[in-house]
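1. give me a model of this one.
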Amino acid sequence: MAQSFLSFPSFLAPPSRIAIAGDWHADTDYAVAAIEHAAKREATVLIHLGDFGYNFTDEYLNSLDETLARCQMTLGFVDGNHENFDRLLGWPVDPDGLRHLRAHLVHLPRGFRWRWGQTSCLALGGAYSLDRFMRTRGRSWWVQELITRKQVGDTAAAGPADAMFCHDCPAGITVPGAARDRLGFPERELRRSELHRLRLRSVVDAVRPGRLWHGHFHRRYQAVLYGQGYRTVVDGLGKNSNPVDNNMVVVNLAALGSHRLSAGGNGPARAALGGPTAVG
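-> Below is the predicted model:
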């Protein structure tokens, strides 16, 4: 008999240490090693920033769930663009607002909000696949990858949050190395990708988070987004095949939604932390 979600370890219980990871692309060995690394850093919750499971095979999910159980950790993920949405969205949303794929593994639907202590959090996955022209609709890319206008409107209308967890990066940030990674892609695909980033930016303008974490670009960096009357520190994370410290950060709960910028720093100071890979 299926286990009730009420008996699952709760992702929603406030942790003291949180690991945040970029794209894993259903790489079981890398994902297991990353979870073990997070446990060594004393994280009890891991937030994954999308391109997490692709086809969500039982082998992949079971391996991760077993590792999470052994490490006494719960993982919540936003969806990326390289996910089998037909399979993912087949799991029901439970009364707590989450999709429980396994006992220690939950999906954070778009627009899902929760509070850990004094920190309000918002999940908003999705991104545009630049390489969709080389893929097959319904088999290797899915139309549900895009943030919809309704999701934008509903999420923006729900008000501010301290921390946002996304797959895409909002417009207004220059991701280090992204221009080189995108050379050779058709101009129409580049435009559509930027339009999606503008769509995400409209949510950020409404939510005004202190921090935003994203994957997708496979680059570990930090930058500051200056909006109208707000300032958001944006962190991008790397992918599987990168060293784990490029793919993952571990932070205390107090730092999750806020960031102390250097005194007098009024310009968009950026600290690019490297990592050569291609865009997802």
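2. C-alpha only now, for contacts and for neighbours.
-> Fine.
3. what's the burial count for Gly177?
-> Close neighbours of Gly177, defined as other C-alpha atoms under 10 Å, add up to 18.
4. for the one 10 residues further on, same thing?
-> Taking other C-alpha under 10 Å as the criterion, the count of residues near Glu187 is 12.
5. now Val45
-> 28.
6. and for the host helix or strand of Ser63, what's in contact with it?
-> For Ser63, the host element (DSSP states H and E) is helix 58-70. With C-alpha atoms under 8 Å, 6 or more residues apart in numbering as the test, helix 58-70 has contacts from 26-28, 31-32, 35-36, 53, 74-75, 101-105.
7. buried ones in it?
-> For helix 58-70, a neighbour-count test (16 or more other C-alpha atoms under 10 Å) marks 60-62, 64-65, 67-68 as buried.
8. and stretch 110-129, by the same measure?
-> Residues 110-114, 116, 119-129 are the ones in stretch 110-129 that count as buried (16+ other C-alpha under 10 Å).
9. centre of the chain to it, how far?
-> 9 Å (C-alpha atoms, centre = their mean, to the nearest Å).
10. all helices of the stretch 1-150 of the chain, in order?
-> Per DSSP state H, counting those that start in this stretch, the stretch 1-150 of the chain carries helices over the ranges 28-40, 58-70, 85-88, 149-157.
11. so for Leu225, which of these sits nearest?
-> Closest to Leu225 of the helices of the stretch 1-150 of the chain is helix 149-157 (C-alpha to C-alpha; 17.5 Å).
12. centroid-nearest residue for this protein?
-> The centroid of the chain falls nearest to Leu49 when counting by C-alpha atoms, centre = their mean (1.9 Å).
13. one step back: out of the helices of the stretch 1-150 of the chain, which comes closest to Asp235?
-> Closest among the helices of the stretch 1-150 of the chain, using C-alpha to C-alpha: helix 28-40, at 17.7 Å.
14. what's near enough to touch the spatially closest residue to Leu198 that is not a sequence neighbour?
-> Nearest-residue entry for Leu198: Ala171, 5.1 Å, with adjacent residues in sequence omitted and distances by C-alpha to C-alpha, 6 or more residues apart in numbering. Shown in contact with Ala171 (C-alpha under 8 Å, 6+ apart): 194, 197-198, 200-201.
15. leaving out the residues flanking it, which one is nearest to Arg219?
-> In space, and not counting its chain neighbours, Arg219 is closest to Gly238: 4.7 Å by C-alpha to C-alpha, 6+ apart.
16. how many residues are close by that neighbour?
-> Count around Gly238 with other C-alpha under 10 Å applied: 29.
17. give me every residue that touches it.
-> Going by C-alpha under 8 Å, 6+ apart, Gly238 touches 21-23, 215, 217-220, 246-248, 275.
18. among those residues, name the ones in helices.
-> Judged by DSSP state H, the subset of the contacts of Gly238 located in helices is 246-247.
19. can I have the buried ones of the contacts of Gly238 as a ChimeraX selection?
-> To isolate the buried subset of the contacts of Gly238 in ChimeraX, counting by 16+ other C-alpha under 10 Å, use the following:
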select :21,22,23,215,217,218,219,220,246,247,248,275
